[in-house]
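> Turn this into a model:
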Amino acid sequence: MAQQKRANVLVLIHSDQGGTYEMAKEVAKGIECEGKAIAVIKKVKVTDNPKLAHIPLADVSDLSSYDGIAFGSPVYFGNISTAMSDFFAQTIPLWSEHALEGMPAMVFMSAGSGAGKELALQSFLNTLAVHGMVLVTNGIRGNECIDKSIPQGNTVLGTASLASLQNIDRPSESERFLMVEQAKHFGKVALALKGTFGKNTKAEPIAETRDVNLVLKERKIILPKVPAPAGNYQPFVRSGNLVFINQYALKDGKIIHPGKVGIDVTEEQVKEATRITMLNILAVLKEAVDGDLNKVKKCVQLNGIFNAPAQYTDHAKLMNAASDLTVEIFGEQGKHARSTLGAASVPGNSAVEIQAIFEVE
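Take a look at the predicted model:
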C-alpha cells in the first residue's frame, strides 16, 4: 500500500563514458530523497563500457507503465545522442496510441564544453512535446546556492554537466546539487499527476510472451559454460516444478574481483561480480530446462550473500545488478522475492554468492 502511494519514475539514459550515468544517479537520489517516488535507471543501448554493464536495457513497450520519465543523454552537436534518437524512433506506436500523453518528463544532459547544451535540451523537449508529455523544466531552481566562480551546467530547461572542462571533477558539486533539486521537484510532480493519465497496459502481455532466447541474442547477453561443482553436489536440483541453484563469481575458472567490498574491491567491481554470478546461475538454469529458457515460468526467489565488513549496509544496492538482469531477460516473470545479507567470508574469497529458486514447466 505504501508503494502504491509513491510515484514510479524511470530514469532513461544513454551514456558513452559514464558521465550521463553519474548524473542519473544524482537524479535518482533527488527523486527518492523525500520518499515520494521510486526511481529505476535504465539505458537505451547496450554498451561495452564495464561501468554501465549492470544497467538494465529499457524496453519501449514498458515506458507507459511509469508515472514519469527523466531523460538523460550526452550532447551531440547541439542535439540528443544518436542512440537516444534511435530509441525515440521506436516510440511511434506509443505516439499513435497516445500512450505517453499527460505523463510528466524532465531532461538532463552531459554537455562536453557546454556549447550547444541549451539547443540540445530544447530538441529533447520538442520530441517529448510531440508525445504530449507534461514538460517539467528547472527554471532558476537552486541557482542561488551554486559556486559561480567556475562554469556550471545550469539552464532553465534542465541541468547539464560541462563534462570536458578539466579544472574540476564533473559533474561538479554544484551540478550534482542542481540535479538533485531538479529531480526532487520532478518527483513531487510525478506523484501529483499519478493516476491522472491513462497508462498503456499492453506491455505486460509482451513480457509474458517474449522469446527469452531471442532476448539474449538481441541484447548480446552471452551465458558462460556451466561451472563445475567444487565438491560432492550438483549444479542444480529440481524438485517438482522448482529448480534450486547456488553460484558465486566465477569466470573462466577464476574468481573475479575477489575480496571484501569497500576493502579489497569497490562497489562497482562487486556489482560486476554480482552480474557474472547471475549469468552463471542462468547458465545452470538453461541446462536444467534442456536448453530452452522459455520453459522458465517464474523467478521465485534470489538470495544475495556478500563478502562485506560488519559495518557495511548497502547490500541491497549491490544485489540490484542481479535483480535487474533477471527482469531484463524474463520481463514480468523475472520479478522475484529477494533477501540480501553480509558474511564474514564467502567460499573462494568471492565477493558474492547467490542462491536462486525458479519455477519451470
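> Show me the shaky parts of the stretch 1-150 of the chain.
1-4 (pLDDT under 70).
> in it, which spans are helices?
Here the stretch 1-150 of the chain has its helices, by DSSP state H, counting those that start in this stretch, at 19-32, 82-89, 92-96, 117-130.
> Tell me which of the ones you listed sits most buried.
helix 19-32 (a mean of 23; mean count of other C-beta atoms under 10 Å). For the C-beta atoms, the positions are set from N, CA and C on the backbone; glycine is no exception.
> Quick one: residues in contact with that helix.
Helix 19-32 is contacted by residues 9, 11, 13-15, 37-41, 51-52, 55, 70, 72-74, 108-110, 159, 161, 163, 170-171, 175-176, 179-184, 186-187, 190 when judged by C-beta atoms under 8 Å, 6 or more residues apart in numbering.
> Just the strands from the stretch 51-200 of the chain, written as ranges.
All strands of the stretch 51-200 of the chain, identified by DSSP state E, counting those that start in this stretch, fall at 68-74, 104-110, 134-135, 160-161.
> right, and these - which one's nearest D147?
Across those, D147 has its closest neighbour in strand 160-161 (13.8 Å, C-beta to C-beta).
> Just the residues contacting that closest one, thanks.
With C-beta under 8 Å, 6+ apart as the test, strand 160-161 has contacts from 19, 22-23, 75, 108-111, 114, 117, 121, 153-154, 170-172, 175.
> show me what contacts Q17?
Neighbouring residues of Q17 by C-beta under 8 Å, 6+ apart: 49, 163.
> so how far is M109 from A70?
The gap separating A70 from M109 is 11 Å, by C-beta to C-beta, to the nearest Å.
> Ok, Q247 next?
Taking C-beta to C-beta, one finds Q247 at 39 Å from M109.
> Compare these two and say which is more crowded by neighbours.
Set side by side, Q247 and M109 show more neighbours around M109, with 32 against 25, by other C-beta atoms under 10 Å.
> okay, now the closest residue to the more buried one other than its chain neighbours: neighbour count?
In space, and not counting its chain neighbours, M109 is closest to A160: 4.8 Å by C-beta to C-beta, 6 or more residues apart in numbering. As a burial measure, A160 scores 28 neighbours (other C-beta under 10 Å).
> Quick one, grab the pLDDT at A160.
At A160, the model reports a pLDDT of 90.
> From A129, how far off is it?
19 Å.
> got it, and D290?
Distance of D290 to A129, given as C-beta to C-beta: 50 Å.
> next one: V9
For V9, the distance to A129 - C-beta to C-beta - is 19 Å.
> same question, F330
35 Å.
> same thing with A39?
Taking C-beta to C-beta, one finds A39 at 23 Å from A129.
> picking that back up, weed out the non-buried ones from the contacts of helix 19-32.
Applying 16 or more other C-beta atoms under 10 Å to the contacts of helix 19-32, the neighbour count classes 9, 11, 13-15, 37-41, 52, 55, 70, 72-74, 108-110, 159, 161, 163, 170-171, 175-176, 179-184, 186-187, 190 as buried.
> what about S345, helix or strand, and which?
Here S345, judged by DSSP states H and E, is contained in no helix and no strand.
> The closest residue to it other than its chain neighbours: neighbour count?
Closest residue to S345 apart from its sequence neighbours, by C-beta to C-beta, 6+ apart: N307 at 6.5 Å. Using other C-beta under 10 Å, N307 has 28 other residues around it.
> what's the answer for the one 5 residues further on, then?
Under the neighbour criterion other C-beta under 10 Å, Y312 is assigned a count of 16.
> Helix, strand or coil: sort out it for me.
coil (DSSP: H, G, I helix; E, B strand; the rest coil).
> max-length strand in the protein?
strand 296-307 (DSSP state E).
> That strand - what's its average pLDDT?
Rounded mean pLDDT across strand 296-307 is 96.
> Which helix or strand lies directly C-terminal to it?
Counting by DSSP H and E, what follows strand 296-307 is helix 315-330.
> the inter-axis angle of that following helix versus strand 296-307?
If you take axes from the mean of the first three to the mean of the last three C-alpha atoms, to 10 degrees, helix 315-330 sits at 160 degrees to strand 296-307.
> Show me what helix 315-330 is packed against.
helix 212-218, helix 267-288, strand 296-307, strand 337-343 (3 or more C-beta pairs under 8 Å, 6 or more residues apart in numbering; DSSP states H and E).
> okay, the angle between it and helix 267-288?
40 degrees.
> State the mean pLDDT of helix 315-330.
Averaged across helix 315-330, pLDDT comes to 93.
> Who are the contact partners of V215?
221, 328-329.
> neighbour-wise, which of the residues you listed leads?
Busiest of the contacts of V215 [other C-beta under 10 Å] is I329, holding 25 neighbours.
> Please tell me I have it right and that residue contacts D211.
No: the criterion here is C-beta atoms under 8 Å, and I329 misses it with D211 at 11.1 Å.
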